[in-house]
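Student: Here is my input, please return the structure:
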Amino acid sequence: MGLSRAYRWLTIGALLSVTAACGGQTSPHPVTSSPAPSPSVSAPAAPTLESAADPRLALPVNLRSRVPRFAPPPPATKVTLPANGTAGWFSRIPTDQKVAFITIDDGWEKNPLAMQLFQAADVPIALFLEVNAISDNPGYFKKLQSTGATIQNHTISHPVLKGRSYAFQKHEICGGADKLGELFGQRPTLFRPPGGAHDATTLRAAHDCGMKAAFFWKEATNKGKVFYQEEKIVKPGDIILMHFRPRFVDDFLAVLNAIHKAGLTPARLEDYIP
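Tutor: Got it, this is the predicted structure:
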C-alpha cells in the first residue's frame, strides 16, 4: 500500500473514533450546553369579548352583515295620557329624541330565524299578539320574549272593532289581555286594534280593560319594503308596523336599516308610556 493511501485510511479511522466518542455526532467537539429552544409559534389570538359575544355570528353568513348596530336609546320622556277614561292614541310618540319604535302584529307565521335576528339586532321590540294566531305554538313567542321582546295585546280573533258594541269590543280586548297574561306571565298594558280601525268606544273599552294606550303607525313593511305615510324617511318618535309574515326576515331587516339610515335608534315603547 502506498504512503498516501495509508495516510488516508489512518485519517478516516481517526475521524470514526472521534465520532463514536461524541455519541454519533460528526463534530469533533462534544456538545456541552442545552440545545437551543425551538422558535416559539404564537397561538392564534383569542377572540375579543365583543366578537366572541356577537350574536350576529350565529346567523347565516348572508344575513350577518345586514344587521346594523345601534347606539343605546336615550332615557325616555313620558307622554301625557288622557284623563277622561279613554286610552291614549298614538301613531307617533311626541318626542324630539332620535328614536323609533318597532312593533310586530298577529303571530301567524313563525319564522325559525326570528329569535336569532332579535338577538343579533339587540333592540327593543313590542309584539302585539292575536290570541288565535299564537295558540298553536305559544312557546315560539316565549322564546322571543326571552330575548327582551315585550308582549302586548291585539285582541282574541282580530275583528274590525270600529262600529261594534262596547260589550263586543271589551270582550275582544279584555279577553286578549287576559289570555296573553296567562301565557306569558305579564298582562299587557298596550293595545293595537286590528287594522288600526277604532272609534271612541274602542278607546273607552281599551281603558276599561287596563290598556294605557293604543297605537297606529307611521311606517309599515311588507315583502322587504318599507312604506311611508309622510316623507320617505323614519322620523323621531315614529311607530313602525310589521307582521309575522312569510318574508319576516326581509321585513325585519328592512325596518332595522330604515331606522339606521334615518340616524335613529330603536327604543322601548313601554318606557314612554306612564
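Student: Now do the strands in the stretch 101-250 of the chain.
Tutor: Applying DSSP state E, counting those that start in this stretch to the stretch 101-250 of the chain gives strands spanning 125-129, 150-153, 190-191, 213-215, 219-222, 225-228, 239-243.
Student: Okay, now the unreliable bits of the stretch 1-150 of the chain?
Tutor: Residues of the stretch 1-150 of the chain meeting the criterion pLDDT under 70: 1-53.
Student: switch the cut-off to 90
Tutor: 1-62, 64 (pLDDT under 90).
Student: And the helices in it?
Tutor: Using DSSP state H, counting those that start in this stretch, the helices found in the stretch 1-150 of the chain span residues 3-21, 49-52, 61-64, 114-121, 131-134, 138-146.
Student: hang on, the earlier thing: dump the strands of the stretch 101-250 of the chain into a markdown table; add distance to residue 274 as well.
Tutor: Using the backbone N, CA and C atoms, a C-beta is placed for each residue, glycine as well. Shown next, in a markdown table, are those (distance: least, CB to CB, whole Å):
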| stretch | distance to residue 274 |
| --- | --- |
| strand 125-129 | 16 |
| strand 150-153 | 16 |
| strand 190-191 | 12 |
| strand 213-215 | 9 |
| strand 219-222 | 25 |
| strand 225-228 | 29 |
| strand 239-243 | 17 |
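Student: Go through these and name the closest to residue 95.
Tutor: strand 239-243 (11.5 Å; CB to CB).
Student: For that closest one, name the packing helices and strands.
Tutor: Contacts defined by 3 or more CB pairs under 8 Å, 6 or more residues apart in numbering; DSSP states H and E place strand 239-243 against strand 99-106, strand 219-222, helix 248-261.
Student: so the last one versus strand 125-129, what angle?
Tutor: Inter-element angle recorded for helix 248-261 and strand 125-129: 140 degrees (by axes from the mean of the first three to the mean of the last three CA atoms, to 10 degrees).
Student: Over to the first one?
Tutor: The directions of strand 99-106 and strand 125-129 differ by 30 degrees, with the same axes, to 10 degrees as the criterion.
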